[in-house]
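Student: what would the 3D arrangement of this be:
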Amino acid sequence: MFLIKETPKTKSFYIKNVLIPNPIILAPMAGITDMVFRSIIKKMGAGLVYSEMISCNALHYGNQKTLSLMDFDKSETPIAIQIFGTDPQLMSEAAKMVEDAGASIVDINLGCSVPKIIKSGAGAILCRDSVLLGKILEDVVRAVSIPVTIKIRKGWSNQELNAAEVCRIAGECGIGAIAVHGRTSAQKFSGEADWDFIKKLKESTNLPLIGNGDIKTPGQAVEMLEFSQCDGIMIGREAYYNPWIFKQSLEHLEISTKLKSKEELPDYSTIPNLTLEDRKNLILYHLECLVKRYGEDRGVRKMRKFAAWQTRGLPASACFRDKVFYIEAHKDMIELIDSYFMKSN
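Tutor: Now for the predicted structure:
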């Protein structure tokens, strides 16, 4: 079975009064980190999971699709629900709704660089307005009793690296923790994440810091933790290619903490690779959960991208991808998955 049997003993930390049982954390990702995906990643051992980002304006107007983004299962806790916006009153109102929904943490998106979000004045560009930023953070913290966290980038551009200033404002406003992506807004996801910057930022703040960017293997997860001395590390895009990376990273971290010297740390390839059966079981499980949550039509359509991602690098996966994006029916999706893995054995 793909599910983790027991979470390895690794270092925990607190965000205010919320215990984060281990430092391997799922990043918020629009269109990805819904309740179904989060539940799977939680079963893989993630210490904290984040929702997709949610518009405070849409929550204010009671948009049902937006409200459903706040749905979560108790098994997902601790969970952070992420909101975004520019109006202090509406952001405070949204944070209160997050608290009333039972979430562990309310997170504010200050890192999104998607043009539509930037044009609205929200996301990463909000960090350029220290007055409005301080007002929003202060009001949101005052509005709720649960911890408030923020997710930022290293700055707007290489000429405007203001993460340290944002951290200072956050600390003064009572923010509980900060997640920082090691790229600027101008970079989006190009180039390399700057782990040196994350390390220096950790040295300059007393707040819990979560490092994010370019963690594609369990070894890199442990490396960032040890190099940056961050309280946690956040895994984003690699999660939808390899959901097992959380379980693998925890196992790798446990091995590394037991060794007397860094030189003794084995290459991760010494840990058994996933079997085709493991991959097939997870894809079928994910499909069933999506159909149950969203109905056949929407659930199957949502599963297309995950099935394509999670077969990346396997034999004849390109041919599988060509077919999977045309699948409409639940039973046809099951038949395609069964057929593909039978031929791959």
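Student: and for stretch 53-69, what's in contact with it?
Tutor: 28, 30, 34, 51-52, 70, 81-85, 87, 90-91, 93-94, 97, 109, 112 (C-beta atoms under 8 Å, 6 or more residues apart in numbering). For glycine as for every other residue, the C-beta is placed from the backbone atoms N, C-alpha and C.
Student: what residues are up against Ser204?
Tutor: Applying C-beta under 8 Å, 6+ apart, the residues near Ser204 are Ala164, Cys167.
Student: against Asp214, how distant is it?
Tutor: 21 Å (C-beta to C-beta, to the nearest Å).
Student: returning to that earlier point: which of the contacts of stretch 53-69 fall in helices?
Tutor: Leu90, Met91, Glu93, Ala94, Met97 (DSSP state H).
Student: who wins for most neighbours among those residues?
Tutor: Most neighbours among the ones in helices among the contacts of stretch 53-69, by other C-beta atoms under 10 Å: Ala94, with 28 neighbours.
Student: in this structure that one contacts Gln82, no?
Tutor: No - using C-beta atoms under 8 Å, Ala94 makes no contact with Gln82, being 10.2 Å away.
Student: which positions in stretch 130-148 come out as buried?
Tutor: Buried residues in stretch 130-148, counted by 16 or more other C-beta atoms under 10 Å: 133-134, 136-141, 143-144, 146-148.
Student: correction: the previous question concerned stretch 52-64.
Tutor: So, applying 16+ other C-beta under 10 Å, buried residues of stretch 52-64: Glu52, Met53, Ile54, Ser55, Cys56, Asn57, Ala58, Leu59, His60.
Student: what's the answer for stretch 164-178, then?
Tutor: Val166, Cys167, Ile169, Ala170, Cys173, Ile175, Gly176, Ala177, Ile178.
Student: tell me the pLDDT of the fourth one.
Tutor: Translated: Ala170. The per-residue pLDDT reported for Ala170 equals 98.
Student: CA atoms only for whichever strand or helix holds it, dumped as CSV, please.
Tutor: Following DSSP states H and E, one finds Ala170 within helix 163-173. C-alpha atoms of helix 163-173 as CSV (Å, rounded to 0.1, in the frame of the first residue of the first chain):
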residue,chain,number,x,y,z
ALA,A,163,12.2,40.1,2.2
ALA,A,164,14.1,41.2,5.3
GLU,A,165,12.0,44.3,5.5
VAL,A,166,8.8,42.3,5.1
CYS,A,167,9.9,39.9,7.8
ARG,A,168,10.5,42.9,10.1
ILE,A,169,7.0,44.2,9.5
ALA,A,170,5.6,40.7,9.9
GLY,A,171,7.3,40.3,13.3
GLU,A,172,6.0,43.7,14.5
CYS,A,173,2.4,42.8,13.5
